[in-house]
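1. Next input, structure requested:
(chains A and B)
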2 protein chains.
Amino acid sequence: MTGPIAEEAITALYSSISPSPSTLAIADLGCSTGANALFAVSELIKAVENMRHNNNEPHAYQIFLNDLPGNDFNTVFRTLPKFQKENGRCFFAGVPGSFYDRLFPNKFLHFIHSSYSLQFLSQVPEGIECNKGNISMASTSPPSVIDAYHRQFQNDFLAFLKYRAQELVPGGRMVITFVGRRGKDPWNPEWELLAAAFNEMVSEGLIEEEKVDVFNIPHYKPCPSDVEAEVLKEGSFSINRLEVSGLDWIAIDKEFGQRSNREDEEVGGYGTMRCMRAVAEPMLISHFGEGIMEDLFHRYRLLIIQQIAKEKTELINVTVSLTRRPA
Amino acid sequence: MTGPIAEEAITALYSSISPSPSTLAIADLGCSTGANALFAVSELIKAVENMRHNNNEPHAYQIFLNDLPGNDFNTVFRTLPKFQKENGRCFFAGVPGSFYDRLFPNKFLHFIHSSYSLQFLSQVPEGIECNKGNISMASTSPPSVIDAYHRQFQNDFLAFLKYRAQELVPGGRMVITFVGRRGKDPWNPEWELLAAAFNEMVSEGLIEEEKVDVFNIPHYKPCPSDVEAEVLKEGSFSINRLEVSGLDWIAIDKEFGQRSNREDEEVGGYGTMRCMRAVAEPMLISHFGEGIMEDLFHRYRLLIIQQIAKEKTELINVTVSLTRRPA
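-> Numbering: from 1, shown residues only, chains lettered A, B, ... in the order given. Predicted coordinates for the structure are as follows:
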């Protein structure tokens, strides 16, 4: 879903800048170990190259891959020589830092891309001690917890927009995909099922209850109106598109659940579990230690299988395409 | 030695650009794990900030730390948040790639700094099979080996200059420090003593002679006229300063030889050995394996001690300060 929207945005950007810049500066914010980011970047480059096929001048792309300073940039960098060989004149740089802070000089970037990163907050919201039995904003959370998560998202996303507005050239574009929600309903199936797995282990005496009570994930899935409200409040961007799409957990299972062990594939739940484990495990290990992970994610997978059998459950994507207004 | 020359160059650059750029783009080429590069960068920033003390506008610095894609950038990046806190508005990026290739878009950089990196060649020169008993260009090498090393340096440094000329803005500056030589004399004490340690081990049957015969270090220490000749040939730069300085091995020993084991400090040779080991060990391990390293560097240290007792031996620095001519 993000792909076509991002490609439309970068070609619109490229045709709107006159004279065409000899180098496009593109940032991917929250690149992680890079495989997805590099795929997205190569599609963006293809889109620009396709529209300039009559123009023989060589064109350069400066690609900035950003993530937190603790990210494994070594792994990203070791894959780049191959990518550069295949994609012509691309100059890569890694930018360590939080996207809730300034990352680039004023009016430096032409295009910003970010996929599945901005649902992570800068911190766990304050004042959510009463969120016992949950590990995120959940359907059973007290309203004060829902509010605290929402406010944290508002503050973080507003800061994000403010800094990016400084970094983009006037007319510059930004396409962001969040893991989000369709409406304001706080039902967060993937995190609530993980909390249920924790609660099972608490009731069997395998984890201390208090240890789960004090743990919360810095994660908020915005709905389209959450995103729109902050863009309007910040004021530097116009919204070109704001779209929602859903990906069925059964489809995720098929895409990410391939494994040599046929039994695993047939039982299901493996793909969704594996995606969530990739996202959540580092945070969980630093609080709970490594020892409980196998047991926890085994239980989690069984809960996913029950959930899939009970009702259709989707991963929701919220994608927004923005243009930096002239100052 | 490099410090004052680089600071003079960056202040001259800053006062020559009109109007002053709001962001200075600075690259450190061959940053390794970064500690020395960050020290150099913070001195450059201090120099610019000192000269603009009457100008209250906030100023930004974009710092690009470059090394090969296999470098440990993770370690560099984890030290940056502390540095950024202390040094105001610095935007950092890591740039993986060889400085014997293009790294940045056209006319992108204002200032390039490189310390103790450009004596490494892009590859071991071809046609030096006859360099038996040596591991580098040495006083006992056949003339064809000396020529092959010299030609490799010429080709590499010319390519380096050509690419940097494309990347620097007109009037941009570059300050490079090589480990070098005073004259054309091929005496390479640090590598010749390491070869002697290898030859001892060969004569004792601890390493196969052939394994040493086929091993050569891609390393050439240029003298000032080597550097000057390539700059004149390439033609895009004017030379502001070209200087040579020496650092006595006994002084290196004092600076890098501190260790809790007093006996080691008293015997000497430890600091020079440690510096060379840091530089050479990764290359040696990939050819000879890890097993022989302790023995090799123990022998090497004893040879250093003998050398220091026999005559004054220096590490020579060749520093060149260049300005990109207007095209």
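2. Leaving out sequence neighbours, find the closest residue to A:Phe83.
-> Among residues not flanking A:Phe83 along the chain, A:Leu38 sits closest, at 5.5 Å (Cβ to Cβ, 6 or more residues apart in numbering or on different chains). To be clear about C-beta, it is placed using only N, CA and C from the backbone, and glycine gets the same treatment.
3. thought the one you found was touching A:Phe77?
-> No - look at A:Leu38 against A:Phe77 with Cβ atoms under 8 Å: they stay out of range, at 11.3 Å.
4. So for these two, which sits in the more crowded spot?
-> Shown here are A:Leu38 and A:Phe77; by other Cβ atoms under 10 Å in any protein chain shown, A:Phe77 has more neighbours (26 against 22).
5. Which pLDDT value belongs to the more buried one?
-> Here the pLDDT value assigned to A:Phe77 is 95.
6. where's it, which helix or strand?
-> Taking DSSP states H and E as the definition, A:Phe77 sits inside helix A:73-86.
7. How many residues are close by A:Val202?
-> Counted with other Cβ under 10 Å, residues neighbouring A:Val202 total 17.
8. Output the below-cut-off pLDDT ranges for the stretch 101-250 of chain A.
-> Applying pLDDT under 70 to the stretch 101-250 of chain A picks out no residues at all.
9. Enumerate the residues of it near chain B.
-> A:102-106, A:108 (Cβ under 8 Å from any Cβ of the partner chain).
10. Skipping adjacent residues, who's closest to the residue in the stretch 101-250 of chain A that chain B sits nearest to in space?
-> Minimum separation of the stretch 101-250 of chain A from chain B (Cβ to the nearest Cβ) falls at A:Pro105, amounting to 4.0 Å. Excluding the flanking residues, the one nearest A:Pro105 by Cβ to Cβ, 6+ apart is B:Thr23, at 4.0 Å.
11. Please report how far the one you found lies from B:His59.
-> 8 Å (Cβ to Cβ, to the nearest Å).
12. what's the helix or strand harbouring A:Ala195 in contact with?
-> Secondary-structure assignment from DSSP H and E places A:Ala195 in helix A:189-203. Applying Cβ atoms under 8 Å, 6 or more residues apart in numbering or on different chains, the external contacts of helix A:189-203 come out as A:133-136, A:138-140, A:207-209, A:212, A:217, A:219, A:272, A:276, A:280, A:292, A:295-297, A:299-300, A:303-304, A:307, A:313, A:315.
13. Leaving out chain neighbours, which residue sits closest to the residue nearest to the spatial centre of chain A?
-> The geometric centre of chain A, computed from its C-alpha atoms, lies nearest to A:Tyr116 (Cα atoms, centre = their mean), at 1.5 Å. Excluding its sequence neighbours, the residue lying closest to A:Tyr116 (Cβ to Cβ, 6+ apart) is A:Val179, at 5.8 Å.
14. Now the one you found: phi and psi?
-> Here is the backbone geometry of A:Val179 (degrees, to the nearest 10): phi -70, psi 120.
15. what about it, distance to A:Gln119?
-> Shown here: A:Val179 relative to A:Gln119, a distance of 5 Å by Cβ to Cβ.
16. okay, and the common contacts of the two?
-> With Cβ under 8 Å, 6+ apart, A:Val179 and A:Gln119 have common neighbours A:Lys221.
17. Around the closest residue to A:Lys107 other than its chain neighbours, how many other residues sit close by?
-> Excluding its sequence neighbours, the residue lying closest to A:Lys107 (Cβ to Cβ, 6+ apart) is A:Val169, at 4.9 Å. Neighbourhood size, A:Val169 [other Cβ under 10 Å]: 18.
18. other SSEs contacting the host helix or strand of A:Val169?
-> Per DSSP H and E: A:Val169 is located in strand A:168-180. Under the contact criterion of 3 or more Cβ pairs under 8 Å, 6 or more residues apart in numbering or on different chains; DSSP states H and E, strand A:168-180 touches helix A:2-16, strand A:109-115, helix A:224-234, strand A:314-324.
19. Mind putting the ones you listed into JSON lines with distance to A:Cys31 and mean neighbour count?
-> Output for the helices and strands packed on strand A:168-180, formatted as JSON lines (distance: least, Cβ to Cβ, whole Å; neighbours: other Cβ atoms under 10 Å in any protein chain shown):
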{"stretch": "helix A:2-16", "distance to A:Cys31": "14", "mean neighbour count": "18"}
{"stretch": "strand A:109-115", "distance to A:Cys31": "9", "mean neighbour count": "24"}
{"stretch": "helix A:224-234", "distance to A:Cys31": "21", "mean neighbour count": "17"}
{"stretch": "strand A:314-324", "distance to A:Cys31": "18", "mean neighbour count": "21"}
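20. could you redo these as JSON lines and give each row distance to B:Glu230?
-> Shown next, in JSON lines, are the helices and strands packed on strand A:168-180 (distance: least, Cβ to Cβ, whole Å):
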{"stretch": "helix A:2-16", "distance to B:Glu230": "39"}
{"stretch": "strand A:109-115", "distance to B:Glu230": "36"}
{"stretch": "helix A:224-234", "distance to B:Glu230": "52"}
{"stretch": "strand A:314-324", "distance to B:Glu230": "44"}
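21. Please name whichever of these is nearest to B:Cys223.
-> strand A:109-115 (43.9 Å; Cβ to Cβ).
22. quick one: the closest one to chain centroid distance?
-> Offset of strand A:109-115 from its chain centre (Cα atoms, centre = their mean, to the nearest Å): 13 Å.
23. Verify the contact between A:Val169 and A:His110 for me.
-> Yes - between A:Val169 and A:His110 a contact is recorded at 5.9 Å, counting by Cβ under 8 Å.
24. between those two, what contacts are shared?
-> Common neighbours of A:Val169 and A:His110 are listed as A:Ile17 (criterion: Cβ under 8 Å, 6+ apart).
25. Next up, the contacts around A:Leu13.
-> Contacts of A:Leu13 by Cβ under 8 Å, 6+ apart are A:110-111, A:171-173, A:323.
26. no wait, A:Gly246
-> With Cβ under 8 Å, 6+ apart, A:Gly246 has these contacts: A:182, A:314-317.
27. will you turn the residues you listed into CSV that also has distance to B:Glu200?
-> Shown next, in CSV, are the contacts of A:Gly246 (distance: Cβ to Cβ, whole Å):
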residue, distance to B:Glu200
A:Arg182, 75
A:Glu314, 71
A:Leu315, 65
A:Ile316, 69
A:Asn317, 66
